[in-house]
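> I'll drop the sequence and a predicted model, then ask my questions.
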Amino acid sequence: MSDPALRLAGLERRYGAHLAVAGIDLEVAQGEFVTLLGPSGCGKTTTLNMIAGFVLPTAGSILLGGQHVENLPPFKRNLGVVFQDYALFPHMTVAENVAFGLTTRGIGKAETATRVKDALDLVQLSALGGRRPQQLSGGQRQRVAIARALVIRPKMLLLDEPLSNLDLKLREEMRNEISVLQRRLGIATVFVTHDQGEALAMSDRIAVMRAGRIEQCGTPSDIYLRPATHFVAQFIGSATLLQGTVRGPEGATGLVAVETPAGMIFGSADRHPAPGSAATLVVRPERLRLSTTAPLPEAGVATLAGTVESAIYVGARTQLLVRLAAGEAIGAEIMDPPGTGLARPGIPLFVSLPGHECRLLPALP
């Protein structure tokens, strides 16, 4: 088997007493799109800068294609980097910006012209090579930055928050374009963002970071449906966290029964916790079932009585806050717009929680 495109082992970066990146391990396979996701200050950009060579690690190793590069300068790592602000030279034309990396590498004029043309064709900007960056839209400037990163034929592509300066509609368009282009080229890519929607939509795998560490790394569906920690559960998507006490396995369902202030609720876990231990149930709003009449009993499904407290219309769905009879609040999502059906404050209803849709985690510390 070939070496992974990237391997980080025990990678660490300190700034005085502050540990910005705390010994992370990560592999990126050839052609894989991996996102470093987390809040501001979690260490994701510092990690990217260490991969690129702009920041030297305090400890640990960085291997590109099986070769150690910790002490190599950026220009010897052959990586394509797209920055948050695009970092285009305002005095150069689009073509000159794209050609910059080739010129500094001593590539001949004829080959440079051919590769610049190919790169601009790739990002659909072949007609704009003579323009200056200030004459372009935000999306076009981003395409120029991507073309400049790809024209050197890099081993990997590194993207640092490249969509954050775009408006919502353009951001969604460019998100799709980058995904299509990356898969078409089959180039290993590390993408940094704080936007969970971008990470879920674009990634083969997501590494969720917090305080310099990777809390969980997995596919988008793993991260969303099977969060490993409370932080991941709350950072990715919306979730209600219900505290309770484990009572034991629930018959033949493979689920765990948890007694909460709202009632007995069932959940799934990789390892069944011991009876009597404290636990947290992670409940996603779109996984609940709501009805105005009590449903028939069903194995592994808890049904609780409640009342709609608020309804917020967000376009395709309406977000509800349901106050359960025991006083707990739980979030839900339905298709009805406010003022119709179940989406009316004050409406009494029944909330059903399928156990296989509720994730069981250890109690909050």
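Structure received. Predicted model only: the values in this text are computed from it and were never measured.

> can you give me the helices for the stretch 101-250 of the chain?
109-122, 138-150, 168-185, 196-202, 220-225, 230-235 (DSSP state H, counting those that start in this stretch).

> so which of these is the most packed in?
The highest average neighbour count among the helices of the stretch 101-250 of the chain, using mean count of other Cβ atoms under 10 Å, belongs to helix 138-150 at a mean of 23. C-beta coordinates here come from the backbone N, C-alpha and C atoms, glycine included.

> returning to that earlier point: turn the helices of the stretch 101-250 of the chain into JSON lines, columns for distance to residue 308 and mean pLDDT.
Shown next, in JSON lines, are those (distance: least, Cβ to Cβ, whole Å; pLDDT from 0 to 100):
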{"stretch": "helix 109-122", "distance to residue 308": "51", "mean pLDDT": "93"}
{"stretch": "helix 138-150", "distance to residue 308": "41", "mean pLDDT": "91"}
{"stretch": "helix 168-185", "distance to residue 308": "29", "mean pLDDT": "89"}
{"stretch": "helix 196-202", "distance to residue 308": "26", "mean pLDDT": "94"}
{"stretch": "helix 220-225", "distance to residue 308": "25", "mean pLDDT": "95"}
{"stretch": "helix 230-235", "distance to residue 308": "23", "mean pLDDT": "94"}
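
> closest to residue 3 out of those helices?
helix 168-185 (19.2 Å; Cβ to Cβ).

> using CSV, lay out the helices of the stretch 101-250 of the chain together with distance to residue 89.
Below are the helices of the stretch 101-250 of the chain laid out as CSV (distance: least, Cβ to Cβ, whole Å):
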stretch, distance to residue 89
helix 109-122, 14
helix 138-150, 10
helix 168-185, 21
helix 196-202, 27
helix 220-225, 36
helix 230-235, 37
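
> residue 23: which of these is closest?
helix 230-235 (18.0 Å).

> okay, and the beta partners of residue 192?
Counting by DSSP bridges, residue 192 is bridged to residue 36, residue 160.

> just to revisit the earlier point, nearest to residue 362, of the helices of the stretch 101-250 of the chain?
Among these, the nearest to residue 362 by Cβ to Cβ is helix 230-235 (8.6 Å).

> got the contact list for that closest one?
37-39, 196, 208, 210, 215-216, 223, 227, 239, 241, 280, 282, 359, 361, 364 (Cβ atoms under 8 Å, 6 or more residues apart in numbering).

> next up, the contacts around residue 199.
Contact analysis of residue 199 by Cβ under 8 Å, 6+ apart lists 35, 37, 191, 193, 206, 220.

> isn't the second one right next to residue 208, touching?
Yes - Residue 37 is within contact range of residue 208, at 5.3 Å (criterion: Cβ atoms under 8 Å).

> who has more neighbours, the two?
Counted by other Cβ atoms under 10 Å, residue 37 and residue 208 do not tie: residue 37 has more neighbours, with 29 against 26.

> what's the closest non-adjacent residue to the more buried one?
Closest residue to residue 37 apart from its sequence neighbours, by Cβ to Cβ, 6 or more residues apart in numbering: residue 199 at 4.4 Å.

> same for the worst-scoring helix or strand of the chain on mean pLDDT, what does it pack against?
Across the helices and strands of the chain, mean confidence by mean pLDDT, DSSP states H and E is lowest for helix 168-185: a mean of 89. When contacts are defined as 3 or more Cβ pairs under 8 Å, 6 or more residues apart in numbering; DSSP states H and E, helix 168-185 packs onto strand 33-37, helix 138-150, helix 196-202.

> what pairs with the longest strand anywhere in the chain, parallel or antiparallel?
Criterion DSSP state E: the longest strand present in the chain is strand 301-313. Strands flanking strand 301-313 in the sheet, each with its direction: strand 318-324 (antiparallel), strand 348-354 (antiparallel) (DSSP bridges).

> find me the pLDDT at residue 1, would you?
Residue 1 carries a pLDDT value of 61.

> what's in contact with the longest strand of the chain?
Outside of strand 301-313, the residues that reach it under the criterion Cβ under 8 Å, 6+ apart are 262-266, 294-295, 297, 318-326, 329-330, 337-339, 342-355.

> need the strands for the stretch 1-150 of the chain, in chain order.
Using DSSP state E, counting those that start in this stretch, the strands of the stretch 1-150 of the chain run over 6-15, 18-28, 33-37, 59-64, 67-68, 79-82.

> among those strands, which comes closest to residue 289?
Closest of the strands of the stretch 1-150 of the chain to residue 289 is strand 33-37, at 29.7 Å (criterion: Cβ to Cβ).

> shaky segments in the stretch 251-365 of the chain?
Low-confidence segments of the stretch 251-365 of the chain (pLDDT under 70): 364-365.

> which ones are touching the closest residue to residue 326 other than its chain neighbours?
Of all residues not flanking residue 326 in the chain, residue 262 sits nearest, at 4.6 Å (Cβ to Cβ, 6+ apart). Contacts for residue 262 (Cβ under 8 Å, 6+ apart) come out as 242, 304, 324, 325, 326, 327, 328, 330.
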